[in-house]
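Novice: based on what follows, work out the 3D shape:
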Amino acid sequence: MYIASPNPTITPVPELDELRRDDVWFEDGNLILQTDNALFRVYSGLLAARSSVFKDMLAFPPPLEGNFTHDNCPVVRIYDSTQDVRFFLNAIFDSGYFEAPPAQTEFCIVAGVLRLSTKYDVQYLRRRALQHLAATFPTSLDAWHKRDKTRTIPPVDNTPFAALQLAREFDLPWIIPSIMYCISSHPLIKSIEGADFCGQKLRLTSDDQRCALLGREKLLMMQNRYSVGLSQSPPEGGSGSAEEGEKCQGDGKCTVTRQKIPEIITAWTVACYLDFYREHQYLIDNGFCKTCHPAFLQRQRALAEEMWSALPFIFGLDDWMDLDRHKEKAWE
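Specialist: Predicted coordinates:
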């Protein structure tokens, strides 16, 4: 890295004229950042105020042999992807570009900001990136059920495969159970041969592939068991049965509805049960009598809680309590 000062010889670099100016370019900026194929002109003071790493870098005295400059600005060569740098600098210099949830964003922006805010120690941006991941891949069943309304990263196809790579890169185990659950809802071939995302083919590592395939099998067995259990009328006084003294008033309607449950669940994706009621609310709310309906919902909800509690173990992780501790530590 080279920083200009009044004393050393200034050395213009004609080759930099061949690099394009990126969108993050302030004409009155006093520092140029160079990546492999782009230049960014920014304000060194604001960058140093946000990042302790840049603060230390910019505090170094210039080398005796002179400085690289372009457009009368000192040039700093950084070895990060141009896309990540663009996202990161936009988040630094545009207060509305990367806001905390419930503001919406995109996965690639979250990944780029997380990557460089970690590298260059910009903690408030790192926390925002983690908050966006938490809103999209939650750690509680209630948050999962609200996910369609609260998620801040849109459901672009194959996003879970990219999110898993990011979770491994930055050791974020607390988002992995819900990520793996999402991956299990995709066709099996994606876990085996890779998934397309933003022009790239994302392939699971051998360990993640094994985890995904074994977890998928366990989920399938659990869902099959649930579908059979929900199709059967519970014994009197048993869990999920009508209140004592009350009998089914559906005249066979409730039995017909229960018999549809296995067909629905087995015809859906492997990872479907957590959203079973939401996706089939009309059938359930209208397919049971007033006595059987609350009893069925109670049973269905209890099984969903059982599956959610089991997700970390299904995918080879610690329980949710330990994962929440990892989450709190990551946000410190």
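Novice: for this structure, which spans come out with low pLDDT?
Specialist: Where the chain drops to pLDDT under 70, the residues are 1-18, 61-67, 234-245.
Novice: centre-most residue in it?
Specialist: Leu133 (3.8 Å; C-alpha atoms, centre = their mean).
Novice: now stretch 69-77: how far from the chain's centre is it?
Specialist: Stretch 69-77 sits 36 Å away from the centroid of its parent chain (C-alpha atoms, centre = their mean, to the nearest Å).
Novice: show me which residues of it are buried.
Specialist: By 16 or more other C-beta atoms under 10 Å, the buried positions in stretch 69-77 come out as 69-70, 73-76. Where you see a C-beta, it was placed from the backbone N, CA and C, and this is true even at glycine.
Novice: now distance to Asp56 too, for these, in a markdown table please.
Specialist: Converted to a markdown table, the buried residues of stretch 69-77 look like this (distance: C-beta to C-beta, whole Å):
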| residue | distance to Asp56 |
| --- | --- |
| Thr69 | 21 |
| His70 | 23 |
| Cys73 | 20 |
| Pro74 | 16 |
| Val75 | 18 |
| Val76 | 13 |
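Novice: and the residue nearest to the centre of the chain, that's in a helix?
Specialist: Yes. Per DSSP: H, G, I helix; E, B strand; the rest coil, Leu133 lies within a helix segment.
Novice: and the nearest residue to it once chain neighbours are set aside, how close does it get to Thr139?
Specialist: Sequence neighbours aside, Ile175 is the residue nearest to Leu133 in space, at 5.4 Å (criterion: C-beta to C-beta, 6 or more residues apart in numbering). With the distance defined as C-beta to C-beta, to the nearest Å, Ile175 ends up 8 Å from Thr139.
Novice: can you tell me the closest non-neighbouring residue to Glu279?
Specialist: According to C-beta to C-beta, 6+ apart, the nearest residue to Glu279 is Cys272 (7.5 Å).
Novice: can you pull the contacts of that neighbour?
Specialist: Applying C-beta atoms under 8 Å, 6 or more residues apart in numbering, one finds that Cys272 lies in contact with 185, 223, 265, 279.
Novice: strands along the stretch 51-200 of the chain, start to end?
Specialist: Counting by DSSP state E, counting those that start in this stretch, residue ranges of the strands within the stretch 51-200 of the chain are 67-70, 73-77, 195-197, 200-202.
Novice: so for Arg168, which of the ones you listed sits nearest?
Specialist: The closest of these to Arg168 is strand 200-202. By C-beta to C-beta, the value is 11.7 Å.
Novice: what sits up against the closest one?
Specialist: Residues from elsewhere that reach strand 200-202, judged by C-beta under 8 Å, 6+ apart: 158, 161-162, 165, 194-196.
Novice: kindly recompute the last result at 6 Å.
Specialist: Contact partners of strand 200-202, identified using C-beta atoms under 6 Å, 6 or more residues apart in numbering, comprise 161-162, 194-195.
Novice: direction included, what does that strand pair against?
Specialist: Counting by DSSP bridges, the strands paired with strand 200-202 are strand 195-197 (antiparallel).
Novice: buried residues, the partner strand. List them.
Specialist: Applying a neighbour-count criterion of 16+ other C-beta under 10 Å, the buried positions in strand 195-197 are 195, 197.
Novice: what does it contact?
Specialist: By C-beta under 6 Å, 6+ apart, the residues outside strand 195-197 that reach it are 158, 161-162, 202.
Novice: go on, stretch 80-99?
Specialist: The contact list for stretch 80-99, computed with C-beta under 6 Å, 6+ apart, reads 22, 24, 35, 37-38, 40, 50, 109, 112-113, 115-116, 125.
Novice: what comes up buried for the helix or strand that contains Leu283?
Specialist: Applying DSSP states H and E as the criterion places Leu283 in helix 281-287. Neighbour-count burial for helix 281-287, with 16+ other C-beta under 10 Å as criterion, is recorded at 284, 287.
Novice: residues touching it, excluding its own?
Specialist: Thr257.
Novice: got a list of contacts for the helix or strand that comes right after that helix?
Specialist: Where DSSP H and E defines the elements, the next helix or strand beyond helix 281-287 is helix 292-314. Under the contact criterion C-beta under 6 Å, 6+ apart, helix 292-314 has outside partners 141, 177, 215, 218, 226, 240-242, 248, 254, 273-274, 277, 288, 319-320.
Novice: how about stretch 253-269?
Specialist: Under C-beta under 6 Å, 6+ apart, the answer for stretch 253-269 is 185, 223, 227, 230-231, 248, 287-289, 292.
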